[in-house]
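Q: Could you work out the structure for the sequence below:
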Amino acid sequence: MAAAPILSWENLSLHQGSGWLFRDLDLAIAPRDRLALIGRNGAGKTTMLKLIAGEIEADKGTRSIQPGTKIVMLEQDPFFTGYATLMDFALHGPDAPPRHEVEAIAGQLGIDMARPADSASGGERRRAALARALASDPDLLLLDEPTNHLDLAAIDWLEDWLGRYRGAFVAISHDRTFLERLTRATLWLDRGSIRRKDIGFGGYEAWMEQIYAEEARAADKLDAKLKIEAHWLERGVTARRKRNQGRLEKLWEMRATRAAMLGPQGAAKLKLASDDVKTKAVIVADKVSKAFPHTPFASSAVETLRNGVSTSLDTNGGGKRLIIKDFSLRITRGDRIGLVGANGSGKTTLLRLLTGELAPDSGTVTLAKTLHGVMIDQQRSLLSPEKRVRDVLAEGGDWLDVRGVRKHIQGYLKDFLFDPGLVDARVGTLSGGEQSRLLLAREFARKSNLLVLDEPTNDLDLETLDLLQEVIADYDGTVLIVSHDRDFLDRTVTVTLGLDGSGKVDIVAGGYADWEKQRAARSVKSPGAVRVERSRDTEALAPPPPPKKAKLSYKDQRDYDLLPARIEDIAAQIARDEAALHDPALYTRDPAKFAALTKAIEAARAEKDAAEERWLELAEMVEG
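A: Numbering: from 1, shown residues only. This is a model prediction of the structure:
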């Protein structure tokens, strides 16, 4: 017999802005539930958590909770203003946790709670908020992006803690690996409704595809134009995800090529078969070392929590801490380089060295003269809330240059999963995730041959992460990525640079899972050198070997090669026709042209859908 819910909502309805955000939703949470709360940016995920927590009142519905149930919410951006130290923040309020419990968890997380709150970093504040929430011993824990600003070591620790946790939790997260490892059921917020499926996040995408397929079949019975307008986003997301399977195969091939170029495991030099345009170096680091003045707190934090591995810090004498030691690497055009490691291990230092922003103490870093980079670091604060979307993207106009190609703003908005009708929306009305996506759209439009992404996945929903992976895969320059998102790295990078804070940099062909496998193998071979506190089934994270390609007929191969360009041409034509149709006076001035454009757009969309379906069928044949 199923346990009675500790909390439930019946007929939950909430009015927001000009309409209903939720309408007549039913929700129940059992004592040991491990729930992933999924939904696009703006769907109301954080609002739903606040309703569950009782922080905001619904306009309609009944909230029932078992007496004595303690609910604690870890907010995405906790409010630290007015607190002298991180400990003061953790111990505030009538339901403050015991001090000794906060200190115990803070010690395991490697955070000094005496740190002044106003000068603490985002990672330090997140750990302090975690210490407060977990030390409260709640029956129901509500987690809003718990891995934001955490390094890999802290994420590992949090996963262990939640694995042992005896209560229920609901988690919003863009970190697929986190959700796959911990959740057992999924709540999907979609267009004002909520669906529950008793499968963990690992089964969510297949479930979503099934729902969209059922809706598409039902939509076939509706008017064709209504079907196209109502389902452009869902169908686009579905097609994009399937196309990305082909991109993943290409990524595995690139990794295999890069592995052949690398020497023995951990070696810094590359063996190049040729030095043609495709393998021409854009950044060359040769025996680079860098040290900074020794900071006792930073050192102890890294030493306390370094991916579960106990090591000692190398020093370079004179009160300096060695960050990078004898690092050499040749980065070629088209490489996707991921940088991983605990906070304080040297990722930012290495990134600054590779981009020429920071000079090494010894060794050299040589950058190609033609290198032109764009930095994407998710600084939403740089966006003025009063500006319109078209002001941010197209300086108030209708057209913008996207890496040298002229595009209509509405078509470009669709490329980044925006409703084209938002072209005149004020930035301040967009959700935090939508603002992050708008920044990505602006930065990716700039002409460059080097992209530098510093924690690009924060505040993005899963569909936007899929889109970001696609854009990176199609980018014809070099990419440097600093990220703690393991799944994102596994899907995007060809080479991983792993730092442990000792100065040594592991160079691994592949993603995060490949780096983790190498570390695990090394710890088995040398058990006395390091102590690993938990084991990992890293095989589950590693990408499968590239499937054997099916041999296509001449016609099929031709379609497979030519259809992507044709799809782009059709999309451009649709954007041009939509731009013309956007003229409010067109219908009165020239009704025949209005009708012709409407018919042409509908026909072009149908052709584009058919072309995408044909290409997907061929891609599936190629992928076996």
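Q: Report all helices and strands that the helix or strand hosting W515 contacts.
A: Applying DSSP states H and E as the criterion places W515 in helix 512-525. Under the contact criterion of 3 or more C-beta pairs under 8 Å, 6 or more residues apart in numbering; DSSP states H and E, helix 512-525 touches strand 336-341, helix 486-492, strand 495-499, strand 505-509. The C-beta positions use only the backbone N, C-alpha and C, and glycine is treated the same way.
Q: Ok, which of the ones you listed comes nearest R195?
A: Closest approach to R195 among the helices and strands packed on helix 512-525 (C-beta to C-beta): helix 486-492, 22.8 Å.
Q: so how far is that closest one off the chain centroid?
A: Relative to the chain's own centre, helix 486-492 is displaced by 9 Å; criterion: C-alpha atoms, centre = their mean, to the nearest Å.
Q: And the contacts of it?
A: For helix 486-492, the surrounding residues in contact (C-beta atoms under 8 Å, 6 or more residues apart in numbering) are 152, 175-177, 180, 244, 248, 251, 336, 338, 340, 457, 465, 468-469, 472-473, 479, 481, 483, 496, 511-513, 541-543.
Q: One more: stretch 152-161?
A: The contact list for stretch 152-161 (C-beta under 8 Å, 6+ apart) reads 108-110, 123, 127, 130, 134, 146-147, 150, 175, 178, 181-182, 305-308, 340-343, 484, 486, 512, 534.
Q: cool, and stretch 185-202?
A: So stretch 185-202 is contacted by 20-23, 25-27, 33-40, 43-45, 48, 170, 176, 179-180, 182-184, 203-204, 207-208, 211 (C-beta under 8 Å, 6+ apart).
Q: Hmm, F89 is touching T81, no?
A: No. Look at F89 against T81 with C-beta atoms under 8 Å: they stay out of range, at 9.7 Å.
Q: neighbour-wise, which of these two wins?
A: Neighbours of F89 and T81, each counted by other C-beta atoms under 10 Å, are more numerous for F89; the result is 25 against 7.
Q: Could you look up the SS state of that one?
A: Recorded secondary structure, F89: helix (DSSP: H, G, I helix; E, B strand; the rest coil).
Q: Likewise for the one 4 residues further on?
A: Following three-state DSSP, G93 is assigned to coil.
Q: How about the contacts made by T496?
A: 337-340, 489, 506-508, 510-512, 514-515.
Q: phi, psi of D556?
A: phi -60, psi -40 (degrees, to the nearest 10).
Q: Count the residues that sit near it.
A: A count of nearby residues for D556, using other C-beta under 10 Å, gives 16.
Q: and the residue lying closest to it once chain neighbours are set aside, how far is that from D559?
A: Using C-beta to C-beta, 6 or more residues apart in numbering and skipping the chain neighbours, the partner closest in space to D556 is L618 (5.8 Å). Noted for L618: a distance of 6 Å to D559, by C-beta to C-beta, to the nearest Å.
Q: Now that we're looking at L251, what pLDDT does it have?
A: Looking at L251, its pLDDT is 82.
Q: That one: which element?
A: In the assignment (DSSP H and E), L251 maps to helix 224-261.
Q: Pull up the pairing partners for the next helix or strand after that helix, direction included.
A: Note on helix 224-261: by DSSP H and E, the next helix or strand toward the C-terminus is strand 281-293. Each strand paired with strand 281-293, and its direction, by DSSP bridges: strand 320-332 (antiparallel), strand 362-367 (antiparallel).
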